[in-house]
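Q: coordinates only, sequence not included:
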């Protein structure tokens, strides 16, 4: 059987499986009793562009006696993103809590330059939510700058919608589903009123799943010199080409 290699962010791990990407996402979200059902986010990885223990993989990756495929064999549960080269990343997959899978290919990122403030949800290696004056790629370079006392070799994150708050932190929150909206507003005000400050922590740790409807431009993975951008489909495409996934993403099933 063919082997597929996945770098999973929820939680961070490197897994080899006989399941193709769509089947694997469904398995992660609803196909096991090992966890409460929930969303999953992962990349497919090119095994020829990273270092793997092939003898161990060959030993473990054998179908069950009844012919059932091997669904998951863990190859790493620690610093998996850090050890995976950027050029090994293939497509990104976003899975809803009822197992529907959206595939996203990497594209070039074009700077916005218009928004004075951004809201980032880090996913790996930590899950801090941060408001920043930096564009996504510049924010990644800040986080991965080894010359600083606090840095990470590689980060995976997404940016989140702020709507009117981008330009006016006193604007109505409206339908943004963020916890403690008054605290978010206070963070944006402090950041705006501090000329020399580039970032402000909003949440120290993400609790629960990401609301896919809050994704602004998309997902980013990068280090000090390289990055990949996985754009969230347009609303037109979400409501057309990806209608079933989008309807599922807007509904909490469990």
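A: All right, it came through fine. Not measured: the values here are computed from a predicted model.
Q: how about the nearest residue to residue 82, chain neighbours excluded?
A: residue 153 (4.7 Å; CB to CB, 6 or more residues apart in numbering). All C-beta atoms are positioned from the backbone trio N, CA, C, and that covers glycine.
Q: err, residue 86, not the other one
A: residue 226 (4.4 Å).
Q: residue 252 versus residue 237, what's the distance?
A: 22 Å (CB to CB, to the nearest Å).
Q: repeat that for residue 7.
A: Distance, residue 7 to residue 252, by CB to CB: 26 Å.
Q: what does the domain assignment say about the chain?
A: 4-104, 118-233 (automatic domain parsing).
Q: looks like residue 205 contacts residue 123 (just checking).
A: No. Judged on CB atoms under 8 Å, residue 205 makes no contact with residue 123 at a distance of 11.7 Å.
Q: okay, those two: which has more neighbours?
A: Higher neighbour count among residue 205 and residue 123: residue 123, with 22 against 9, using other CB atoms under 10 Å.
Q: okay, the domains of the chain in a markdown table with distance to residue 242 next?
A: Shown next, in a markdown table, are the domains of the chain (distance: least, CB to CB, whole Å):
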| stretch | distance to residue 242 |
| --- | --- |
| domain 4-104 | 6 |
| domain 118-233 | 6 |
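Q: what's the closest of these to residue 244?
A: domain 4-104 (6.1 Å; CB to CB).
Q: can you give the distance from that closest one to the centre of its chain?
A: 14 Å (CA atoms, centre = their mean, to the nearest Å).
Q: now residue 244, nearest residue through space, not along the chain?
A: Closest residue to residue 244 apart from its sequence neighbours, by CB to CB, 6+ apart: residue 100 at 6.1 Å.
Q: as a check, name the ranges of all helices in the stretch 51-200 of the chain.
A: 54-60, 80-83, 136-143, 181-192 (DSSP state H, counting those that start in this stretch).
Q: need these in JSON lines with mean neighbour count and mean pLDDT, can you?
A: Output for the helices of the stretch 51-200 of the chain, formatted as JSON lines (neighbours: other CB atoms under 10 Å; pLDDT from 0 to 100):
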{"stretch": "helix 54-60", "mean neighbour count": "11", "mean pLDDT": "95"}
{"stretch": "helix 80-83", "mean neighbour count": "19", "mean pLDDT": "97"}
{"stretch": "helix 136-143", "mean neighbour count": "20", "mean pLDDT": "97"}
{"stretch": "helix 181-192", "mean neighbour count": "16", "mean pLDDT": "96"}
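Q: out of those, which gets nearest to residue 212?
A: helix 136-143 (17.7 Å).
Q: helices and strands around that closest one, which ones?
A: Helix 136-143 makes packing contacts with strand 118-124, strand 129-132, strand 155-160, strand 215-222, strand 227-231 when contacts are defined by 3 or more CB pairs under 8 Å, 6 or more residues apart in numbering; DSSP states H and E.
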